[in-house]
Structure formats: structure tokens, C-alpha cells
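Student: sequence? don't have it. structure:
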Ligand code: TMP
């Protein structure tokens, strides 16, 4: 069988040509990076968990009318997605002070914000994803006024939905990052949610203990990364009947056998 064509390799995912025009296959790796890839590592089984968690959340979001690139999951590490033109802007939504906001503004981590804050970052690894404002996005044409409005509107809807979803399973949604893409229909384009939603791009704190259930475990060398991601998946009702460890064991064996 001809090896399928790789379209793009990112830090945590690979995109391959899809089975039909306008589609791609999104493969979830176990690789983890932080601080613009200055810190690198692997979290065994992360790709399997993120594939499943992202599938779950994107499916629920589609159910409330948020258009997404997700079509269907293909296997443990791959999903079929719609090919989009990625908008080079990362949209960060914050409910509680943490991470770079706490650092930059000297606000203690865990302080609830007076209102939800949306921030924009220019998606450019060489520049270290600098923070930008809507002025930059419009001036440089990274998105139009209408697209920016659609992205902000969807980001707030995603935040409202996910805050409730996670609160229901004892998790505080502190902040998260979204990426959007453009799909073309003749001369018209529209914005849909792209990339992934997983503990890689969210801050998720246990409501009663404050324990971090996200990539900060890796960024801050706290250990227990897989266990934290597994706990998120478990509480979302994914991999039921303890199949999660079985699935991950199977993967490990397969890797050891070099398949
Ligand atoms: P920050 O506090 O480091 O700016 O991160 C805010 C949120 O965005 C956090 O949930 C992690 C996520 N994020 C990414 O997914 N990718 C990134 O490159 C950065 C900087 C943040």
C-alpha cells in the first residue's frame, strides 16, 4: 500500500492527506512541548487520550451548534477532519488568573477574574507566539472583522458550555486555547473550530483539591501527567470499565514490538 502523504507535522500532531478532497487525517502523538518547544518530552498514551477527549468535546460542541472540523474518529490515534485554512491566531479564554496572565500582571494564580477575558496570540513559533490585539489581526489581515467577531462569539459559547461540562464532573475550567480555520464554498468562506480541545491546551483544576489535571503537570515537572489526563477522560465517561489502562497497555506492548 502506498504510504499516505504527510501534509504537516506539528509539536503534538501530524496531518496526513485524507481519503477524499477537503479532508485530512489528524494523528495525535505522545510528544509534549512547553515554552515554545524549549522543553520537550513524551507522555506515554497522551495521544490516545487527547484523540478521545477531543472527539468527545467536539461532538458535544457540534450538538450545540458550534461548527467544527471534526468528522469522525478513525482509530485510537487518528481522526478524520475537514481541511481548513488555519487562521494564524490562537484564541485564549480565561476565567481564573493563571500562567502567563498571572506572571505578566502579578495576579495570584487561582484568583477568579472579574469577567471572562479573551486574548489573541499570533501563531508563529519563530516569534514565540506573541500576544496581539484585534488591531493587529485586522491591520495585517489575519482575519476580517466579521471572522474575528465569529471567533470571539464561538470562544464565549465554547467557554460557557465547557465550564458547565467540567463543573459537572468536579473540574474548574481555568483557561484554554482555541484555534479556528476557514472553509471555502466557492467565493464564500466561513470560520469553524479546528485543532483540538484536550488537557494539552486547557487548565483544568480539581474543584475540591485544586489538583492540576492538565499539561501544567509537564510544564512544571509535577509528574503524573498520564494519570491526570486519564482522570479527565474517566470523569468524562470515556474508556469505561477501566478499559483505559488496558488500551494504554496494549499500545505500550505494540510499541515494544515495534509495530
Ligand atoms: P498561558 O497562561 O501560558 O498564556 O496559557 C493559557 C492557556 O492556553 C493554557 O490553558 C494553555 C494554553 N496554551 C496552549 O494551548 N498553547 C500555547 O502555546 C500557549 C502559550 C498556551
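Tutor: Done, it's in. For clarity, every value in this text was computed on a predicted model and none was experimentally measured. Numbering: from 1, shown residues only.
Student: close to the ligand, is stretch 186-195?
Tutor: No. Stretch 186-195 does not reach the ligand (CB under 6 Å from any ligand atom); its nearest approach is 9.0 Å. For every residue, glycine as well, the C-beta is placed using N, CA and C.
Student: and the stretch 51-200 of the chain, which of its residues are near the ligand?
Tutor: So the stretch 51-200 of the chain meets the ligand at 92, 98-101, 129, 175-177 (CB under 6 Å from any ligand atom).
Student: just the residues you listed now: which is nearest residue 69?
Tutor: Of all those, residue 69 sits closest to residue 177, with 15.5 Å by CB to CB.
Student: buried set for the helix or strand where the closest one lies?
Tutor: Using DSSP states H and E, the element containing residue 177 is strand 171-185. Buried residues in strand 171-185, counting neighbours by 16 or more other CB atoms under 10 Å, are found at 171-183.
Student: in TSV: those, plus distance to residue 39.
Tutor: Output for the buried residues of strand 171-185, formatted as TSV (distance: CB to CB, whole Å):
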residue	distance to residue 39
171	25
172	25
173	24
174	20
175	19
176	20
177	17
178	23
179	21
180	27
181	27
182	32
183	34
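Student: how about the residues you listed, which pair is most distant?
Tutor: 172 and 183 (33.1 Å).
Student: can you pull the contacts of the residue in the stretch 51-200 of the chain that the ligand sits nearest to?
Tutor: The nearest approach of the stretch 51-200 of the chain to the ligand comes at residue 99, 2.2 Å away (CB to the nearest ligand atom). Neighbouring residues of residue 99 by CB atoms under 8 Å, 6 or more residues apart in numbering: 109, 175, 203, 216.
Student: now do 7 Å
Tutor: 175, 203 (CB atoms under 7 Å, 6 or more residues apart in numbering).
Student: which residues are contacting stretch 142-158?
Tutor: Outside stretch 142-158, the residues touching it (CB under 7 Å, 6+ apart) are 61, 66, 87-89, 91, 93, 116, 118, 134, 137-138, 178, 180, 191, 193.
Student: of these, which belong to helices?
Tutor: 61, 134, 137-138 (DSSP state H).
Student: among those residues, name the buried ones.
Tutor: Listed as buried from these are 61, 137; burial here means 16+ other CB under 10 Å.
Student: for the stretch 1-150 of the chain, which segments are assigned as strands?
Tutor: 6-9, 13-17, 23-28, 31-34, 39-42, 70-73, 78-82, 85-96, 112-122, 131-132 (DSSP state E, counting those that start in this stretch).
Student: now the angle between strand 171-185 and the helix or strand where residue 155 lies, please.
Tutor: Assigned by DSSP H and E, residue 155 belongs to helix 145-167. Per axes from the mean of the first three to the mean of the last three CA atoms, to 10 degrees, the angle that helix 145-167 makes with strand 171-185 is 150 degrees.
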